[in-house]
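**Student:** Sequence first, predicted model second:
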Amino acid sequence: NAGVTQTPKFQVLKTGQSMTLQCAQDMNHNSMYWYRQDPGMGLRLIYYSASEGTTDKGEVPNGYNVSRLNKREFSLRLESAAPSQTSVYFCASSGTDYNEQFFGPGTRLTVL
Amino acid sequence: RKEVEQDPGPFNVPEGATVAFNCTYSNSASQSFFWYRQDCRKEPKLLMSVYSSGNEDGRFTAQLNRASQYISLLIRDSKLSDSATYLCVVMTRSSASKIIFGSGTRLSIRP
């Protein structure tokens, strides 16, 4: 089992460019999450999906969109990247929402 | 006041010592609590869930104090490999966005 996988591992964008971060899990989990982690601030929830077909905003959703493509995959899109979105992005999944979460290895994004 | 607060440390203790961290939370309706461990430039990994009755896993003990609204993590007989950042997580079902991570406590174990 790969657990939670994320692509790409690293990305550099210019301001205004768009990109999609991909996440997939093979644990048959219902819930999936996207977080960003900035120095000294801990992880902050961007969006989450309690089950296939549903998505909800987290603490910091502005500038992002998500798609729960199927039970396995949950993608995060930046339509017009800004330097403030420079961060490490983690995807996570859990069997049910508000339960133990398992994280992917992260994507390190730099926006110039 | 932050919804979840942790002492950032760093805690620098000798191998074999006992060390304890606390994590305070502000929402009395919070229902689920966890401790995660995060190594440098890696993803967080679940260390243990925190139950009302407290729970123990080897050298690690987690406690929940609802009256004072904090959770604690105790590490006994610390090992060099325990050096990491420890994150507490507090979840509240009343709102979809209420999954709050603490900013973490850095622990460094010295030989």
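**Tutor:** Right, received. Where do you want to start? Residues are numbered from 1 along each chain as shown, chains lettered A, B, ... in the order given.
**Student:** Chain A: strands as residue ranges?
**Tutor:** Applying DSSP state E to chain A gives strands spanning A:4-7, A:10-13, A:19-25, A:31-38, A:42-49, A:56-57, A:64-68, A:74-78, A:87-94, A:102-103, A:107-111.
**Student:** Which strands border the helix or strand of chain B with the lowest mean pLDDT, and is each parallel or antiparallel?
**Tutor:** Least confident element among the helices and strands of chain B, by mean pLDDT, DSSP states H and E: strand B:99-101 (a mean of 89). Note on strand B:99-101: by DSSP bridges, its sheet partners are strand B:84-91 (antiparallel).
**Student:** Average pLDDT for the strand it pairs with, rounded please.
**Tutor:** What strand B:84-91 shows for mean pLDDT is 95.
**Student:** again with stretch A:18-29
**Tutor:** Mean per-residue pLDDT for stretch A:18-29: 96.
**Student:** Stretch B:58-69 now?
**Tutor:** Mean predicted confidence for stretch B:58-69 is 95.
**Student:** What of stretch A:45-59?
**Tutor:** Per-residue scores along stretch A:45-59 average to 91.
**Student:** As CSV, could you dump the C-alpha coordinates of it?
**Tutor:** Taking C-alpha atoms only, stretch A:45-59 is exported to CSV below (Å, rounded to 0.1, in the frame of the first residue of the first chain):
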residue,chain,number,x,y,z
LEU,A,45,-7.0,23.5,6.8
ILE,A,46,-7.7,24.8,3.2
TYR,A,47,-10.5,22.5,2.1
TYR,A,48,-11.8,19.1,3.0
SER,A,49,-14.1,16.5,1.6
ALA,A,50,-16.1,14.4,4.0
SER,A,51,-17.1,11.9,1.4
GLU,A,52,-17.1,11.5,-2.4
GLY,A,53,-19.1,14.3,-4.0
THR,A,54,-18.8,16.8,-1.2
THR,A,55,-16.3,19.5,-0.4
ASP,A,56,-16.2,22.2,2.3
LYS,A,57,-14.1,25.2,3.1
GLY,A,58,-11.6,25.1,5.8
GLU,A,59,-9.8,27.9,7.6
